[in-house]
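A.B. asks: pasting the sequence and the predicted coordinates here, then a few questions.
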Amino acid sequence: MNLDAIVDFAKAAHAEIGRYNVTVTLTPSNILAGEYAIAALTWTSIKYGPEEIEKVPDDKRGIYAFAVHHPSGVLPPHGYVLYIGIAGRDSDRSLRDRYRDYLNVKKVVKRPRIARMIGDWHEVLKFFFAPIEGNVSSEDLKKIEQQLNTALMPPFSVGDLEAGTKAKRRAFQ
C-alpha cells in the first residue's frame, strides 16, 4: 500500500491550516462584565514591524494588544486578539520601548508562544496600543491588563488573568 498521497495531503493540510489552529474561548459573561479599572481607552494600531514604530508613544505607559486584523474592502470587519500586555509595569517604561522588545528577534525567540504568534501571523498582525496618563497607578494598569485578558482570553496570554478564570481555563488546556 502506497500512502504517499495521504502523507502529502496531511503535510499540505498542516502547512496551510493546522499550523494556524488556536483555541479561542469566547465567554459571554466575561465579555459583558464591563467594569474596568480604567473607564475608557483610546486605541490606535500599526502594522507589526519597524516601519511605523514612530507612531507608538515614547513618553507614555499603556496597554497593548496583538491582533490578527486585515482591513479589506471585501472581508467583513474582524479582529482576533492574540495577546494583551502592558508597558510600564511598576516603571515608566514607554509603549515604544516595550514594542521594541517584540521587534528584537533575540528576545522574541526566548518566548516560544510569542515567537509562534509573530512567526505565523506577522503578515496580518497589528499592534494595538492605548496610552494612559501618568496619574494611572501601576496597580490600575496591571488590573486593566488582567481584566482585558479575562474578558477576551487571548490564546497567547496565559498568565495575566483573574485567578478564578485562570484556574477554570487551565481545566481545558
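C.D. replies: In hand now; what should we look at? Numbering: from 1, shown residues only.

A.B. asks: so where do the helices sit in this structure?
C.D. replies: Using DSSP state H, the helices of the chain run over residues 4-16, 28-31, 95-103, 105-109, 112-121, 138-152, 163-170.

A.B. asks: can you list contacts of stretch 99-115?
C.D. replies: 48-50, 53, 56, 64, 66, 83, 87, 118, 127, 129, 156, 158 (CB atoms under 8 Å, 6 or more residues apart in numbering). Just so you know, the C-beta spots here come from the backbone N, C-alpha and C atoms, and that holds for glycine as well.

A.B. asks: ok, now stretch 63-73?
C.D. replies: By CB under 8 Å, 6+ apart, stretch 63-73 touches 41, 45, 48, 78-87, 95, 98-99, 102, 117-118, 121, 124-130, 132, 141, 144-145, 148, 154, 156.

A.B. asks: I'd like to know which of the residues you listed are buried.
C.D. replies: Buried residues within these, counting neighbours by 16 or more other CB atoms under 10 Å: 45, 48, 81-87, 95, 98-99, 102, 117-118, 121, 125-130, 132, 141, 144-145, 148, 154, 156.

A.B. asks: roughly how far does Glu35 sit from Lys107?
C.D. replies: 34 Å (CB to CB, to the nearest Å).

A.B. asks: do Asn21 as well
C.D. replies: Counting by CB to CB, the gap from Asn21 to Lys107 is 26 Å.

A.B. asks: which of the two has more neighbours?
C.D. replies: Counting neighbours by other CB atoms under 10 Å for Asn21 and for Lys107 shows that Lys107 has the greater number, 13 against 8.
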